[in-house]
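Q: Dropping the sequence and predicted coords here.
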Amino acid sequence: MSTLITQISKLAAIHNIPDPKLIQKHNIKLGLRNADGSGVVVGLTSKGCVIGYQKISKANPQFDREDITLQVPGLDKKLSAAEACYYLMHGRRPEAGALSTFLSRLADVGTDYEIKPAEGRLYYCGYSVDDLVRAYEEKDNEGFDETIFLLLTGELPKATELKKFRQELTERRNIPMRVNRFITYTSENPDQMNALHRAVSALSLADKDPDSDDMYHQIEQCLNLIAKFPTIIAHNYNIMLFQKGKGHGLINPNSNLTPMENFFYMLNGQKPDKFITKLLDTMMILHAEHGGGNNSTFTVRSVTSSGANTYMAICSGIASLSGYLHGGANEAVLEMMDNIQENVKDWDDEEEIEAYLKKILAGNAHDGKKKIYGIGHAVYTLSDPRAKILDAKAQQLAVMTKQEDVYRLYKNVERLACKIVTKEKGKTVSPNIDFYSGFVYKAMGIPKEIFTPLFAMSRVAGWCAHRLEQIMQGRIIRPAYVSSISPREYVDIKKRNKKS
């Protein structure tokens, strides 16, 4: 390693690692998280609501803060959590302007609350994702398009609206020729998230006014991206295979196929059976949105708030999602489970599995990062509602593909890992959706290289919905940082000694 780089690394470590005393002194919320692990509230959104715990007021335990409507005794009308809190503490409903002041004060007294684990719940524009998935699975048609419409507009579409919307997205599936050429000659990189990032950026070349601030045009850009993501992902993957002397080259979209049928067709030239297309549709719905605070969506909102165009904002979301602690976690789980299968001789021996999991958590096995992937979540505690749905699908797939032994190992790892992490870290954890998604994708015949791009194919709907909301809210996101170093006097280079 270069001596200069080594020196920079050592000096950076001295100044970049924060002093715990300063963090406590200034009440700094590292990672925009409170001391109790809950997220710092930085905005309002109508798109998604993620509930994984309750905040119980120590001073007023009769009220627990939740981001849903509550029925207050003595009042007929349901109030928001904030309104209910105000009412219970003041005996009246808040007047205009009083609620925001009240919430600001609550944010400053986070120590007056304690976290209570709760069953996870997820809402899209007020609708439970469990209800949405259940309703769509009972229909012959796929439900992802309906979910996209809901996120973009805040309302479920009427039958005529949904028909027009589906047709609109179908007509926008094709990629402009100049962008297709760009993809063809720049997709040799096996990292498919990098390839997706480049292709989305290149789409701006085919836009006559990529920086337009006209809302009509920005909605059109969002629809284009949502419709073209499946085509880009399939094309990128097939070009990578073709350049390795494999695969069959590009397959253009088929307007006679449903979105999920079309994706599989573009990927491998075949239309899968109905169970597989409906399962992929369910996965798209489950991944479409997760509140404004998840890393990629918050990144999209932050970049959007600066006035950046749609392509730049969505590319920032792709960049965030590529990280192994976010979208890349599904692939990380699969690699971890492959490692466990190789190193644990008896998949039904709980003692052997537990011993190996402890090695992983200690950094003495697998990738050395001291993390059991797919276990625990930033918000969910007792359960991840998406993981519950996907667990049932994984069990079905395991039977269909004769992998009951592998699924049984997953369940053993899930149970034991939750126990170990809870004991070691002192917090309630459960499996998240990434714990099962890799297994499900693999059992469906989807290549590992596009696991995370598929996450992006779904989440772009949420990104676009949040982008439009952020534009309408119209305020740049600019949190504050406290300096960790005191002012210093400039020293001439001739007077600087080697030790400094």
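A: Perfect, I can see it now.
Q: Which strands or helices does the top helix by length along the chain pack on?
A: The longest helix of the chain (DSSP state H) is helix 215-243. Contact analysis of helix 215-243 by 3 or more CB pairs under 8 Å, 6 or more residues apart in numbering; DSSP states H and E lists helix 144-153, helix 159-171, helix 177-186, helix 192-203, helix 259-268, helix 310-321, helix 451-473 as its packing neighbours. No exception for glycine: its C-beta is placed from N, CA and C like everyone else's.
Q: how about those in JSON lines, adding distance to Lys29 and mean pLDDT?
A: Below are the helices and strands packed on helix 215-243 laid out as JSON lines (distance: least, CB to CB, whole Å; pLDDT from 0 to 100):
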{"stretch": "helix 144-153", "distance to Lys29": "28", "mean pLDDT": "97"}
{"stretch": "helix 159-171", "distance to Lys29": "39", "mean pLDDT": "97"}
{"stretch": "helix 177-186", "distance to Lys29": "40", "mean pLDDT": "82"}
{"stretch": "helix 192-203", "distance to Lys29": "29", "mean pLDDT": "94"}
{"stretch": "helix 259-268", "distance to Lys29": "40", "mean pLDDT": "96"}
{"stretch": "helix 310-321", "distance to Lys29": "19", "mean pLDDT": "98"}
{"stretch": "helix 451-473", "distance to Lys29": "21", "mean pLDDT": "96"}
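Q: Tabulate those (TSV), appending mean neighbour count and distance to Ile17.
A: Listed next are these as TSV, based on neighbours: other CB atoms under 10 Å; distance: least, CB to CB, whole Å:
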stretch	mean neighbour count	distance to Ile17
helix 144-153	23	39
helix 159-171	14	47
helix 177-186	15	38
helix 192-203	22	29
helix 259-268	22	44
helix 310-321	24	23
helix 451-473	24	30
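Q: In JSON lines: those, plus distance to Asn224.
A: Below are those laid out as JSON lines (distance: least, CB to CB, whole Å):
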{"stretch": "helix 144-153", "distance to Asn224": "13"}
{"stretch": "helix 159-171", "distance to Asn224": "9"}
{"stretch": "helix 177-186", "distance to Asn224": "11"}
{"stretch": "helix 192-203", "distance to Asn224": "7"}
{"stretch": "helix 259-268", "distance to Asn224": "15"}
{"stretch": "helix 310-321", "distance to Asn224": "9"}
{"stretch": "helix 451-473", "distance to Asn224": "10"}
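Q: between those helices, which gets nearest to Lys21?
A: helix 310-321 (30.8 Å; CB to CB).
Q: how far is the closest one from where the chain is centred?
A: Taking CA atoms, centre = their mean, to the nearest Å, one finds helix 310-321 lying 13 Å from the centre of the chain it belongs to.
Q: what do you get for stretch 124-138?
A: Worked out by CA atoms, centre = their mean, stretch 124-138 lies 18 Å from the chain centre.
Q: re earlier: between the helices and strands packed on helix 215-243, which gets nearest to Asn497?
A: helix 310-321 (41.4 Å).
Q: Next, the angle from the closest one to helix 215-243.
A: 50 degrees (axes from the mean of the first three to the mean of the last three CA atoms, to 10 degrees).
Q: Which strands or helices does whichever helix or strand comes after helix 310-321 pack on?
A: Counting by DSSP states H and E, the next helix or strand C-terminal to helix 310-321 is helix 329-343. Contacts defined by 3+ CB pairs under 8 Å, 6+ apart place helix 329-343 against helix 350-362, helix 404-425, helix 433-443, helix 451-473.
Q: what comes up buried for the shortest one?
A: Along helix 433-443, these residues count as buried under the neighbour rule (16 or more other CB atoms under 10 Å): 433-443.
Q: Fine by me, we can end here.
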